[in-house]
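Novice: My questions are about this predicted structure, shown below with the sequence.
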Amino acid sequence: IGGIFSGCSYLGKPIKTNNNTIRNCTVYDYYGDAISVFHASATNYTVTNCHLVSSFIAGNGSECAHKGEQGINIALGSDITITGNNIEGAIDDAIATHGNCANINISNNTISTIRGRILIDGVTNGLVKNNTIEYLKNGWAGIMLTMGPDTKAPSSSDNVRVENNTIHIRKGVTVLTGIMLYAPGKNIIIQGNTISSDDPQSTAGIQLAER
């Protein structure tokens, strides 16, 4: 199911984790989440200088089924720092922060990806800065900001900055868009990002879409 988990409560009381740091770890051949706060909430949670290698890279894959999980996944929490990590061959989200997370810093990560992305999903006070994303295979959006998936009580992102990130699309690869604002919320700033492609792309580098 995955590599390093915090919480991971399936039944019973919700689990809360505080003041955890995951540093200088390698998770090799991940297919479930490599590092995850799962069925739990985390406060003051840091993942830094880790090396995550997906099953696509570990197995020298040429094609990849539309499955697999996150490199780094935070289901719920606040004061989250994800910085300086190397994620190779993300199959699903490379880094995902889900509904009702607050005070998020995702910076200086190096990501190569199949379909994966940095997902900001219902976050208050977020910074996504100086990350490098390289597409190895066809994909969706390199960075996506969206409201939470619960349509009865959607969590809308507020006060999020996406700055100075670099997204590169290799030759022969097509993506939907570089940065997608998918009903993103309010007070969103996108600035100083670089999106490049070895081949012409048929869609916009930055796209605003209604959910």
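Specialist: That came through fine.
Novice: going forward, measure contacts between C-alpha atoms and count neighbours the same way
Specialist: Will do.
Novice: Show me what the residue most central in space within the chain bridges to in the sheet.
Specialist: With distances taken as C-alpha atoms, centre = their mean, the residue of the chain nearest its centroid is Ile95 (2.3 Å). Note on Ile95: beta-bridge partners Ile72, Ile118, judged by DSSP bridges.
Novice: pretty sure it contacts Leu119?
Specialist: Yes: contact criterion C-alpha atoms under 8 Å: Ile95 and Leu119 qualify, at 6.2 Å.
Novice: And the helices in this protein?
Specialist: In the chain, the segments counted as helices under DSSP state H are 55-58.
Novice: Okay, now the unreliable bits of this structure?
Specialist: Within the chain, the set of residues satisfying pLDDT under 70 comprises 8-14, 64-67, 148-155, 211.
Novice: check contacts around the residue nearest to the centre of the chain.
Specialist: With C-alpha atoms under 8 Å, 6 or more residues apart in numbering as the criterion, the residues that contact Ile95 are 70-73, 117-119.
Novice: let's see it at 10 Å
Specialist: 33, 35-36, 70-74, 82, 87, 106, 109, 111, 116-120, 143 (C-alpha atoms under 10 Å, 6 or more residues apart in numbering).
Novice: got it, and Tyr135?
Specialist: Remark: with contacts taken as C-alpha under 10 Å, 6+ apart, Tyr135 is in contact with 89-90, 111-117, 142, 167-171, 173-175, 197.
Novice: filter these to the buried ones?
Specialist: For the contacts of Tyr135, burial is judged from neighbour counts taken by 16 or more other C-alpha atoms under 10 Å, and it is met by 89-90, 111-117, 142, 167-169, 173-175, 197.
Novice: Which of the residues you listed fall within strands?
Specialist: Assignment to strands by DSSP state E places the following of the buried ones among the contacts of Tyr135 there: 89-90, 111-113, 142, 167-169, 175, 197.
Novice: can you put these in a markdown table and add distance to Asn18?
Specialist: Below are those laid out as a markdown table (distance: C-alpha to C-alpha, whole Å):
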| residue | distance to Asn18 |
| --- | --- |
| Gly89 | 30 |
| Ala90 | 27 |
| Ile111 | 27 |
| Ser112 | 30 |
| Thr113 | 30 |
| Gly142 | 30 |
| Ile167 | 33 |
| His168 | 36 |
| Ile169 | 38 |
| Val175 | 37 |
| Ser197 | 41 |
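Novice: Report the two of the residues you listed separated the most.
Specialist: With C-alpha to C-alpha as the measure, no two of these lie farther apart than Ala90 and Ser197, at 18.8 Å.
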